[in-house]
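Asker: attaching a predicted model along with its sequence, questions to come.
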Amino acid sequence: MSQRHTRVSEQVTNEACPVTEVLDHVAGKWSIGILVAAALGPIRFTELERGIEGISRRMLTLNLRKLERDGLLVRTVYPTVPPKVEYSLTPMAKELHTHLTGLVDWAQRHRTAIAEARAAYDTAANE
């Protein structure tokens, strides 16, 4: 492989890795639910925990930290007893939310057709 070709491959890899990493965080199993829930305004940990079906406390904590680290959530701690903690979207996450809303709407509109396609595929595969 030529020296020039190696540099191009390295450049593509270096630029693609952060994008892939961010997309993995944003499109993760729980991230979309967290971002959609937080879009309604500041939300507390327990509200998120109750509102996102199936998420464990640990998984919620890990995802909140990841989204905060990526600059998508702001964590605000109020000096009360017990401490009150709220999460809200950053301007960057609000922009992302408009796109996530479209994706969620698409999934809801087509869920029946997808279920029918899966059933037809499974029936054909078992014949």
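Answerer: Cool, the structure landed. Residues are numbered from 1 along each chain as shown.
Asker: what's the next secondary structure element after the helix or strand of the chain with the lowest mean pLDDT?
Answerer: Taking mean pLDDT, DSSP states H and E as the measure, the chain has helix 3-26 as its least confident helix or strand, at a mean of 63. Heading C-terminal from helix 3-26, the first helix or strand you meet, by DSSP states H and E, is helix 31-38.
Asker: report the distance from that next one to the chain centre.
Answerer: Its chain's C-alpha centre and that of helix 31-38 lie 7 Å apart, by CA atoms, centre = their mean, to the nearest Å.
Asker: in this structure, where's the longest helix?
Answerer: helix 91-125 (DSSP state H).
Asker: other SSEs contacting the helix or strand harbouring residue 48?
Answerer: Following DSSP H and E, one finds residue 48 within helix 45-51. Secondary-structure packing of helix 45-51 (3 or more CB pairs under 8 Å, 6 or more residues apart in numbering; DSSP states H and E): helix 31-38, helix 57-69, strand 84-89. Every C-beta, even on glycine, is put in place using the N, C-alpha and C of the backbone.
Asker: weakest of the ones you listed by average pLDDT?
Answerer: Mean pLDDT is lowest for helix 31-38 out of the helices and strands packed on helix 45-51, coming in at a mean of 92.
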